[in-house]
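Student: Here is my input, please return the structure:
(one chain, ligands or ions: 2)
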Amino acid sequence: MQDSSPRTPIIAPSLLSCDFTRIGDEIRAIESEGADWLHVDVMDGHFVPNMTFGPPLVQAMKSVATRPLDVHLMVSNPIAYASNYVDAGAQVLTYHWEAMGSGTVRGAKLANKAFRDAGAPMVGVSINPNTPVEPLEAILDEVDLVLIMSVFPGFGGQRFMEHTLSKTRWLREQGFRGIVEMDGGLNAETLPLCAAAGADAFVAGSAIFGAADRRGTIESFRRAAVEAMKEPISGSGTVR
Ligand SMILES: O=C(CO)[C@H](O)[C@H](O)COP(=O)(O)O
Ligand SMILES: [Fe+2]
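Tutor: Ligands and ions are numbered 1, 2, ... in the order given. Predicted coordinates for the structure are as follows:
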């Protein structure tokens, strides 16, 4: 089944690439430059080899943000921290499939329930580039968003992995009506491929915060996504 409802692009700059010494100013600026969501990469030094934002810092971000905080938990025990991040202000709270019982339907169902019970306004599940998407079929009716990682999680500035596009297409082929978000290596060349494959939320860190003209970059990303979304979902675009 194909979903033919119109999709609206969500551009989500990743704060991982902002200037941490001026994070409040960076949030205000990127919102005024057109960000729809603020993507917040939470890393625990265990699930991924990097560490970033704890709940107090996310709460501080929330105190200046007017746009939804899209919190991507790259942590080994997401259930233990769900209520902390909801209380801190996460609007979208996403865990990793691989973190739950090494990737099981039972584990994911536990996380979905725990996140709902914690009061998460939107619940998301994410998969790494080497994790198959098909097992998620059993939980698609329980989540608001699926985040397809197009790089291995842990660091910004990596190269987009083209094979991940087929997972986005597969989700739409199943008739998944929630948000499909892609994250990692998105830029002017790769973002339209994600949109054409069926994604509607686009995370970009280095391509936005590293741009001389952030407003123009966000605008051009949005235009490219709108254009790509006009076509039926198909094809397997190539990346040079
Ligand atoms: O989840 C992430 C890394 O684990 C980031 O959201 C992602 O890497 C964004 O950075 P860039 O756009 O520079 O690839
Ligand atoms: Fe992320």
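
Student: Where does whichever residue of the chain sits closest to ligand 2 sit, in terms of helix or strand?
Tutor: Closest to ligand 2 within the chain is H72: 3.8 Å, counting by CB to the ion. C-beta: built from backbone N, CA, C; applies to glycine. In this structure, H72 sits in strand 69-74 according to DSSP states H and E.

Student: What distance do you get for the nearest residue to D183 once chain neighbours are set aside to P56?
Tutor: Leaving aside its chain neighbours, D183 sits nearest to V203 (3.9 Å; criterion: CB to CB, 6 or more residues apart in numbering). Using CB to CB, to the nearest Å, V203 is found at 23 Å from P56.

Student: related to what we said a few turns ago, and the angle for the helix or strand following the strand holding H72 with strand 69-74?
Tutor: Next along the chain after strand 69-74, taking DSSP H and E as the criterion, comes helix 78-88. Helix 78-88 and strand 69-74 are oriented at 160 degrees to each other (axes from the mean of the first three to the mean of the last three CA atoms, to 10 degrees).

Student: Quick check: beta-bridge partners of the residue of the chain closest to ligand 2?
Tutor: Using DSSP bridges, the beta-bridge partners of H72 come out as D41, T94.

Student: Residues of this structure that sit close to ligand 1?
Tutor: When proximity is defined as CB under 6 Å from any ligand atom, the chain approaches ligand 1 at 14, 16-17, 39, 41, 72, 74, 151, 153-158, 183-186, 203-207.
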